[in-house]
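Visitor: Pasting the sequence and the predicted coordinates here, then a few questions.
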Amino acid sequence: MAGMVFAFETVGRHLVPDWLVASMLGLGIVCMIGYLRHATRIELPIIDFKLLRYKTYRISIFGGSLFRIAIGALPFLMPLMLQYGFGMTPAASGFITLASAAGMVLLRIIATAVLRQFGFKRVLLVTAVINAIFMGGCALFTHMTPQSVIFIFLLIGGIFRSLEFTALNTIAYADMPEKYLSRANTLYNMLQQLMLSMGVAVGASFLNLTLYFRHETALSEPAFAPTFTTIGLFSIVSLLFFTKLSPQAGGDMSGHRVSGEEVERRGMS
């Protein structure tokens with residue numbers, strides 16, 4: 001786990017030699033394969049992948065992983081684009097990217113009320129689409145875009161990302177028996193950190209791929225648009241998992257209630 005996180009966090013940043021990144025990634029993969037074989041032979045493994053048999057937990061992990069990869073790429077790509085693509089100072093870039101974090105904090109105030117009103121399934125479906133628009137929409141920024149527009153765009157995007165994070169982190173345990181909560185939390189947190197780190201690797205890989213096809217070696221403004229568009233697609237693909245949730249999923253946790261007529265109508269649509 002540590003080896004893979006280290007590799008994903010450093011790939012493309014040229015902070016350490018490439019051979020070290022490859023070695024740590026390879027070591028992490030070998031150790032993970034070895035642990036998976038070991039976990040199937042014991043009754044109470046520390047990281048228990050058998051917990052994936054619970055539907056809401058499985059959907060939250062698989063669908064949420066795609067979303068977290070996109071989210072992990074965003075704070076890596078945005079400062080690069082603002083500084084190398086648009087020529088902003090590190091101070092200006094840092095202030096603008098702070099908008100995403102500010103938006104995520106603001107949403108926490110009303111997240112519970114939103115989930116109670118609309119339910120987990122509807123919130124996840126809507127936020128997945130909206131977040132794809134806001135992440136992919138970063139591809140439209142140019143050096144001519146006012147900094148205030150970028151700030152507000154990232155602020156609003158941060159609000160919806162926070163809502164999806166909250167929904168995912170809560171619905172994961174809706175069907176989980178209490179006796180498994182500790183192990184479920186361990187696996188969930190491990191995979192969450194791994195996917196966020198993988199987002200850096202995905203962002204760096206697509207950025208380098210764009211430079212390769214453009215026959216460029218230095219970062220420039222046009223190189224970022226295809227990368228932001230691609231990471232936005234990760235959020236769209238997560239819909240394939242969220243559509244499998246029941247409308248009543250997590251109702252006991254959020255307080256959302258679905259009428260019989262509404263359940264029947266959604267089932268027919």
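Guide: Noted; the coordinates are in hand.

Visitor: check which helix or strand covers the residue most central in space within the chain.
Guide: Centre of the chain computed as the mean C-alpha position; nearest residue by Cα atoms, centre = their mean is Arg68, 1.3 Å away. Here Arg68 is covered by helix 55-80, with elements defined by DSSP states H and E.

Visitor: for that helix, packing partners?
Guide: Secondary-structure packing of helix 55-80 (3 or more Cβ pairs under 8 Å, 6 or more residues apart in numbering; DSSP states H and E): helix 90-107, helix 120-136, helix 147-171, helix 181-213, helix 224-237, helix 239-242. Placement of C-beta: from N, CA and C, glycine included.

Visitor: Can you tell me which of those is nearest to Gly251?
Guide: Evaluated with Cβ to Cβ, the helices and strands packed on helix 55-80 place helix 120-136 nearest to Gly251, the distance being 8.1 Å.

Visitor: nearest spatial neighbour of Ser246, skipping sequence neighbours?
Guide: For Ser246, ignoring the flanking residues on the chain, the nearest one in space by Cβ to Cβ, 6 or more residues apart in numbering is Lys121 at 7.0 Å.

Visitor: what sits against the one you found?
Guide: For Lys121, the residues meeting the contact criterion (Cβ atoms under 8 Å, 6 or more residues apart in numbering) are 242, 245-247, 249.

Visitor: Of the residues you listed - the most surrounded one?
Guide: Ranked by the number of neighbours (other Cβ atoms under 10 Å), those place Phe242 first, at 27 neighbours.

Visitor: got the contact list for that one?
Guide: Residues 59, 63, 121, 124-125, 128 are the ones in contact with Phe242 under the rule Cβ under 8 Å, 6+ apart.

Visitor: what's the answer for Phe86, then?
Guide: With contacts taken as Cβ under 8 Å, 6+ apart, Phe86 has the following neighbours: 141-143, 221.

Visitor: if we can go back for a sec, between the contacts of Phe242, which is nearest Pro17?
Guide: Top of the list for closeness to Pro17, among these and by Cβ to Cβ, is Gly63 at 35.5 Å.

Visitor: distance of the residue nearest to the closest one when sequence neighbours are not counted from Ala225?
Guide: Spatial nearest neighbour of Gly63, chain neighbours left out: Phe241 (3.1 Å); criterion: Cβ to Cβ, 6+ apart. Between Phe241 and Ala225 the distance, using Cβ to Cβ, to the nearest Å, works out to 27 Å.

Visitor: Verify the stated contact: the residue nearest to the centre of the chain with Ser197.
Guide: No. Contact criterion Cβ atoms under 8 Å: Arg68 and Ser197 do not qualify, at 9.4 Å.

Visitor: Tell me who's in contact with the closest residue to Leu207 other than its chain neighbours.
Guide: With Cβ to Cβ, 6+ apart as the criterion, Leu207 has its nearest non-adjacent residue at 4.9 Å, and that residue is Thr227. Residues in contact with Thr227, defined by Cβ under 8 Å, 6+ apart, are 73, 77, 139, 203, 206-207, 210.

Visitor: Which neighbouring elements make contact with the helix or strand harbouring Val21?
Guide: Here Val21 is covered by helix 18-39, with elements defined by DSSP H and E. For helix 18-39, the elements it packs on are helix 2-10, judged by 3+ Cβ pairs under 8 Å, 6+ apart.

Visitor: Scan the helices and strands of this structure for the one with the lowest mean pLDDT.
Guide: Lowest by mean pLDDT, DSSP states H and E among the helices and strands of the chain is helix 260-268, with a mean of 47.

Visitor: hang on, the earlier thing: can you say which of the contacts of Thr227 are buried?
Guide: Members of the contacts of Thr227 that pass the buried threshold by neighbour count (16 or more other Cβ atoms under 10 Å) are listed as 73, 77, 139, 203, 206-207, 210.

Visitor: from those residues, which is closest to Leu181?
Guide: Relative to Leu181, the closest of the buried ones among the contacts of Thr227 is Ala73; by Cβ to Cβ it sits at 30.3 Å.

Visitor: Contact partners for the residue lying closest to that closest one once chain neighbours are set aside?
Guide: Sequence neighbours aside, Gly203 is the residue nearest to Ala73 in space, at 3.2 Å (criterion: Cβ to Cβ, 6+ apart). When the contact criterion is Cβ under 8 Å, 6+ apart, the partners of Gly203 are 12, 72-74, 76-77, 227, 231.
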